[in-house]
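Trainee: What would the 3D arrangement of this be:
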Amino acid sequence: MLANTEELKGFDVYSEDEEIGKIEDYYFDKDYWVTRYLAVDTGNWLVERDVLISPESIDNIDYGNGNIKLNIPTEKIENSPPVIKEEPLLRTKEKDLADYFSWPYYWNGTGSSKPGVSGMVPNNLIREITIKENMNKKSPNSNKDEVKAGLRSVNKMINYDIHAVDGRIGHVEKFILDDDNWLVRYIVVETKNFLPGKKVVLAPEWITDIDWVREEVAFNLKKEEIKNAPEYDPVIPVSELYEKKLYEHYDKEKYWE
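Mentor: Numbers count the residues shown, from 1 in each chain. Now for the predicted structure:
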């Protein structure tokens, strides 16, 4: 199912024993655009820290009641390695988390009980190759220490400027995730300063560059193409028909074929 990050934000999170907090943020792999962790705000329970949970540990998502059930006991979560809010994660911190929770090392391509969560994403090799090829040329203004960080916070990318080949077109409003494999399927772009009242979605594999310092995302698309794209309505779930129209409009290879 495709769900936007704002919809999932605020969902109650339950351990095996009790409610522990709410979804506050997401950390995605900047190379493959796969959600690797959900950040849980535990309120007054674990003050001044986030708890990161891999989709590996999600037992069930109840969209009707707005909650997520984990297969981890409360005590295990309470003693987990602390994470500084909205900071990029380095591989060393990821390893600490994986060792503690007994999660597979997804960066080694090791197996997973949930396809797409750890290791490569089945049936999405074209997507991975495309993203790597498009991002091959790094921005000369990028900070080297920033680029070294393996994961990125969704919250920190909100309001990043979106650029077409012929100029700025809007800013990042939110993301749309596929909860079957936790891919970031689309970026929702608010274009109200350029296209009054219109929102559009763009796929990560169409990105040509991201400047993490200037907070800019560049696409190999023209303003006119984006202007005439199918409009995104946040009230209506993204359907197969909408996706088909979207990919046909941009003349892009469909990920489901």
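Trainee: Next, the closest residue to residue 247 other than its chain neighbours: secondary structure please.
Mentor: Counting by CB to CB, 6 or more residues apart in numbering, residue 254 is the residue found nearest to residue 247 once chain neighbours are left out, at 4.9 Å. Placement of C-beta: from N, CA and C, glycine included. Classification of residue 254 using DSSP: H, G, I helix; E, B strand; the rest coil returns coil.
Trainee: Quick check: residue 254 touching residue 240?
Mentor: No. Contact criterion CB atoms under 8 Å: residue 254 and residue 240 do not qualify, at 10.2 Å.
Trainee: Show me what residue 60 bridges to in the sheet.
Mentor: Per DSSP bridges, the residues bridged to residue 60 are residue 69.
Trainee: where's it relative to residue 67, distance?
Mentor: According to CB to CB, to the nearest Å, residue 60 and residue 67 sit 9 Å apart.
Trainee: more neighbours, these two?
Mentor: Each of residue 60 and residue 67 has its neighbours counted (other CB atoms under 10 Å); residue 67 has more, 16 against 10.
Trainee: ok, the nearest residue to that one once chain neighbours are set aside - how many residues close by?
Mentor: Among residues not flanking residue 67 along the chain, residue 12 sits closest, at 4.3 Å (CB to CB, 6+ apart). If you count neighbours by other CB under 10 Å, residue 12 ends up with 16.
Trainee: what do you get for residue 247?
Mentor: 17.
Trainee: Same question for residue 167.
Mentor: Applying other CB under 10 Å, we find 9 residues neighbouring residue 167.
Trainee: which residues touch the residue nearest to residue 67?
Mentor: Shown in contact with residue 12 (CB atoms under 8 Å, 6 or more residues apart in numbering): 19, 21, 22, 66, 67, 68.
Trainee: I'd like the distance between it and residue 180.
Mentor: Distance from residue 12 to residue 180, by CB to CB: 22 Å.
Trainee: quick one: least confident helix or strand in this protein?
Mentor: helix 144-148 (a mean of 42; mean pLDDT, DSSP states H and E).
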